[in-house]
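In: Using only what follows, build the 3D model:
(chains A and B)
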Amino acid sequence: MKAAGNRLADAVREQERGLLNCVHCGFCLPACPTYRRLGDEADSPRGRLYLMQAVVEGRLDAGSDAFRTHIGRCLGCRACEPVCPSGVEYGHLLELARQVGGGSRPPPLLTRLLPRVFGTGRIARPAMFLGRLLRASGLPALATRMMAGRAGGEPHAQNPGRLRLATAMLAASAPAREMFHKPPPAPSGRGAGRTAGRSRGVAGEASHAPGTMREGAPTVALLTGCVQAGLFSRVNAASVRVLEANGYRVVPVRNQGCCGALHAHGGDLDGARALARRNVRAFAAAAVDFVAMNASGCGAAMAQYGSLLAGDPAVAERANAVAGRVRDISQLLDERGPVAGAAVPVRVAYDAPCHLLHAQGVADAPIRVLRSVPGVEIAPLDGAAECCGGAGIYSLANPRLGGWIGSDKVRSVLATGAQALVTGNPGCMMQIGAGLALAGSGVSVLHLVEVVDESYRLGGLYERAAR
Amino acid sequence: MIPASLTRSLVGACGRDGVIVDEDRLVVYESDALTAYRHRPGAVVLPRTTAQVRAVVRAIAQHGLPIVPRGAGTGLSGGAVALDGAVVVGTARMNRILAIDAANRRAVLQPGVINSELSEAARPHGLHYAPDPSSQTACTIGGNVAENSGGPHCLKYGVTSRYVTGLTVVLADGSAVRLGGRGRDAPGYDLVGLFVGSEGCFGIATEIEVGLLPLPEGVRTLLGVFDRIEDAGRAVSDIVSAGLLPAAMEIVDGPTIRAVEDSVFAAGYPTDAEAALVIEFDGMEAGLDADTARAAAFCADAGAREVRSARDENERTALWKGRKKAFGALGRIAPDLLVQDATVPRTTLPSILRGISEIGKRYRLVVANVFHAGDGNLHPNILFDRRDRDELERVERASGEIMQLCVDSGGTITGEHGVGLDKKHHMPLIHGPAELRAMWGVRRVFDPAGVMNPGKVLPEPPPAGGARDGSGVQEGRPATAAAARP
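Out: Predicted coordinates for the structure are as follows:
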C-alpha cells in the first residue's frame, strides 16, 4: 500500500514537470476530435491538462466525476502533440492521469477486462480462437448486413451500441476476399511467429532470388501482437513475405506477447510494464537490427519502452535499445524502395493511424509505399489525419462519442469514391470497417501490407523466391 | 454556484449537455490564455444559435448575474475571465460558416468559426480573410471581433474592424439587434465600428458578416539575421521610411529563436543570432522582386549578417510557423510568461528594445521579444515561474517599468490583445477622466445594468466631475499574479 502511495506521488511529481510546459495557448483545441464535437474546454487537451494540474495542486479529487469523465473521454489519439509549440508530452501525461484516476476509483469493467484478455496468452488464445470460429461462421457478417443502415439521424446521435459494434468489428476483421480475386496464400490460424519460422524453412536465405537477400541482410523481428495474431494473422504472414521480398531476414521471436499499449492507455502502467519487460527480454535476445510493427498502436507503445521502463535498472538499458529499433513496417519497406510488384488496379483512400502519424511522426512512408504499387490510385481523404474513433477499445467503451467520430470518418471515406480504405492498424481497420459495413457500404478495409503483398503475389515474386 | 431556477432556464434553452454547473468541471474555465488570473465562473453555457443565446442572456439578466462571453479562450488580457461568479457564454458550438458569397467577397459566419478555417473555406474561391492573429489556427472570429484582433499581415491589410461589415448582436437584456450590413457605408452612426473591439462589454455577436480579399498573385518572404536586435529595429524603421509597404515585418529575438528552434516548429532561424526579421511582400507579381531587393538592401545596411529569401512554399511556411508558434514555444524556457502588448512609434524601436533589455537585466529576468515590428507593436514576454515569490515580485515591477517606458516614448498600452482585466489599471496612463467618462457613457448605452463582462476594460467610473481617479484603478487586479493563485 505504501509502495502504491509512493508511486502515485512519483507520478504526480512527474506530471507537474510535464504539465508546467503548457502555457495555455489553446493551439491544441482545434486538433482535438472530442473538443471539435463537444465544444467543452474540459474535453480539450488544454482543459484535460488543466484538470491534471488541479489534481497535482490538490484542489481537485482524482476520483471526481469531472476528472474521470473528461480524462476518460480522451481518445488518446495524440493529435494535440504535433501542434503543441511547448512540446507537452500529452500521451504520457494522459497515461499517468489515468493511473492516478484509476488509483482512486477503478475504471469501468470493460476498460479493465479487455486489456487483461489481450495481455494474457492463455486467455487470449482461446478467446481469439472463438472469435475466429464465430467469424468463420459468417454470422457476424450476416448480422452486420442486417443491421446496416439502421443507425440513421444526426451524426452525434449515431450510437451503434456495444454489441452491434463488436459484431461488426469482428466481421470487419475478416479478409477482404471480394477485393482481391483470390486470398493471398496464407494459412490462417497460426501465429506469424511460427509462420515466419516456417516461411524461413520453405523460403530460407539460400532459396531467395539473387539480390533480394544477401549475406548480411538486415535482420527483422516482427511483433506478432495479440489481436494481430488472433484475428489478423494474414497481415502478419503478409508482413513476413513482403519484408523478405525486400531483402530483410525475418527472425522469429517466440517468447513475445502483447505490447501493453491498451494497459498503458487505460492507466494500468504496472500491467504495461510487466508485458513490456517480457517483450524487451524476448526482442533483445533476438539481437535483430529492427523490430517491425504492423500495428501502429503497438509501435507507438514499444517505441516508448525506454521511458516506460526507465525506473527498472534490470531492463532499462535493453528497453532503450529495443525501443530504438522499433520501425513501422511502412518505414522498413520505404527504406528499401520498396521492390515493385505487379499492378493492383484499385482506387484507395489512405487513413493515417493516429499512433503512426501523431505519436511516431510517420507521415510519408506509408503513402510512398502505396504509390510504389503500380495501378494503385490514391484518392485524397478529407480529415485523414483525424482519429477514426476506434482508439484501442475506445469505441466499445464510449460507443456514443466513438460512433459519432467514426461516422464522420465513414462519411469522408465514402465521399472519396474509393474501392478500399487502406490503413496500418488493426483497431482502425475494425472500427472503420465496422462503420462502413453498418452504413451498408461495400468499401473494403485493407492493411497497407496486404496491398503490397497482393502486388507481389500477382507479380510472382514469391514463386521466384521459392524456386 | 448559480440558483437552481437559473440552471433550469439554461437547461431549457440549451439542453442538459449545454450547461455546466459542476464546480469541478468549471475549473477549466478559470482562465483564458493569460493564466495569471484565475476566477471560477458560476456556470458555463454552450448555445448553438442566436435564439439560444437570447434565451440564455435573458435568463441570466433576470437573475441579475454578470455574463462573460468566451470564444476559444486564446485571449492574452484576461478578457474571458469570469469575475464574481459570472456565467460564461461560450461560442465553441456556434462554429458554422453560414454563407460564402464569392461574387461579393463576403462571408457570414457564427462567432465560433476558427479564423484560419474561414480562410481555408474561402481559398477554393480564390479569397482569404486577411486579419491573421498568431493564434489564427485556434482563435475564433467572435473573439477577433471582441478584441479587434490584428496579426502580422495587418501592417498592410489592417485589423479586424476593417473587415467586419455587419453583425447580429444579442444585447444585455436578451434582445437582438442587427448592426451594419447590406452595403459598405450604412447610413447613420457606425455602430459596427463601435462594437468591434468592445471586449464583450457591449453584447454577444452571434452572426458576423466579413469582407474577404482575393489571394495575392505573388508572395516573397525574406529573412534577415542580426547580431543586435536594435539593428533589426532600425532596418524596419528604414524600410517604412523609404515608402515600401511590406505585408508583414516581424522580429523574433534571440531567446525566442532558441525556444522556437527547439520546438516542432523549427523555422531554421540561426540559434546564435540576436534577432530574426521576417519580411513579406505580396500582391501583383510585377514589382515584388524589386521591393524585396530594396528591403534586403536596407537590412544589409542596418547590419544584417545574412539576408535570405524563402525559396519555396515549404520554407515560407516554416519561417511563419516559427513566428506564429513562438508564444507557445516559450513554454519550453519557463512555466509562466507574462506577455505585454505595447505599441510604440516605429522610429523609437531601437531605443525601446535597448531599454527593455536593460530592465530585464536589472530585474534578473529573461525577456523574450517577438513582435509586429512594422506596426511598432511590441510583445515583450517576461518569463518566470510563479512558484518563485521573489521572482514574481520582480516580474510585476519590470512589467510596470516596461509599460511606462513605452508610454513615455509616445506609445500606448495595447496594440491588439485588448485591455481586458490585465491592462485596465493602465488605462489612466493613456486616457484622462473625461475620455474615460465618455467611454463609460457609451458602455451604459449598450448595457445599462452593467452585466456584460463587468470589471473589464474601464477602471471603475470616476466620481462625477472628479479629477483623475486613482482609487478604483487597482480594482479587480491581483497585486501580483500570485495572488490570483488559490
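
In: For chain A, which residues are neighbours of chain B?
Out: Contact residues (C-beta under 8 Å from any C-beta of the partner chain) of chain A with chain B: A:20-30, A:35, A:38-42, A:46-47, A:50-51, A:54, A:59-61, A:64-67, A:70, A:82-88. No exception for glycine: its C-beta is placed from N, CA and C like everyone else's.

In: what about 7 Å?
Out: Taking C-beta under 7 Å from any C-beta of the partner chain as the measure of proximity, chain A contacts chain B at A:20-27, A:29-30, A:39-42, A:47, A:50-51, A:54, A:59-60, A:64-66, A:82, A:84-87.

In: give me the element the spatially most central residue of chain A is part of.
Out: To find the centre residue of chain A, average its C-alpha atoms and take the closest one (C-alpha atoms, centre = their mean): that gives A:G297, at 3.0 Å. Assigned by DSSP states H and E, A:G297 belongs to helix A:296-303.

In: which helices and strands sit right next to that helix?
Out: In terms of contact count using 3 or more C-beta pairs under 7 Å, 6 or more residues apart in numbering or on different chains; DSSP states H and E, helix A:296-303 is assigned the packing partners helix A:261-265, strand A:290-293, strand A:326-328, helix A:354-357.

In: Could I get these in CSV, plus columns for mean pLDDT and mean neighbour count?
Out: Rendered in CSV, the data for the helices and strands packed on helix A:296-303 read as follows (pLDDT from 0 to 100; neighbours: other C-beta atoms under 10 Å in any protein chain shown):
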stretch, mean pLDDT, mean neighbour count
helix A:261-265, 87, 28
strand A:290-293, 94, 26
strand A:326-328, 94, 24
helix A:354-357, 93, 28
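
In: could you redo these as CSV and give each row distance to A:H92?
Out: As requested, the helices and strands packed on helix A:296-303 are arranged in CSV below (distance: least, C-beta to C-beta, whole Å):
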stretch, distance to A:H92
helix A:261-265, 9
strand A:290-293, 19
strand A:326-328, 16
helix A:354-357, 13
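
In: And the strands in chain A, which stretches?
Out: Listed in chain order, the strands found in chain A under DSSP state E are A:219-222, A:249-250, A:290-293, A:326-328, A:346-350, A:376-379, A:420-423, A:444-447.

In: Please work out the average pLDDT along the second one.
Out: For strand A:249-250, the per-residue pLDDT values average out at 92.

In: Based on its surroundings, how many neighbours for B:G15?
Out: B:G15 is flanked by 13 other residues according to other C-beta atoms under 10 Å in any protein chain shown.

In: quick one, what contacts it?
Out: Contacts were defined as C-beta atoms under 7 Å, 6 or more residues apart in numbering or on different chains; by that measure B:G15 touches no other residue.

In: Which pLDDT value does the model give it?
Out: B:G15 is assigned 95 on the pLDDT scale.

In: and it, what are its phi and psi?
Out: The phi and psi torsions at B:G15 (degrees, to the nearest 10) take the values phi 80, psi 160.

In: for chain B, what are the low-confidence residue spans?
Out: Counting by pLDDT under 70, the ranges of chain B that qualify are B:182-185, B:461-486.

In: Kindly state the domain boundaries assigned to it.
Out: B:4-90, B:97-214, B:217-331, B:424-484 (automatic domain parsing).

In: Is chain A within reach of stretch B:77-87?
Out: No - in this structure, stretch B:77-87 remains apart from chain A according to C-beta under 7 Å from any C-beta; the gap is never smaller than 10.5 Å.

In: Can you pull out the low-pLDDT segments for the stretch 301-450 of chain A?
Out: Along the stretch 301-450 of chain A, segments meeting pLDDT under 70 are nowhere present.

In: Smallest gap between it and chain B, at which residue?
Out: A:G361 (8.8 Å; C-beta to the nearest C-beta).

In: Alright, that wraps it up for me.
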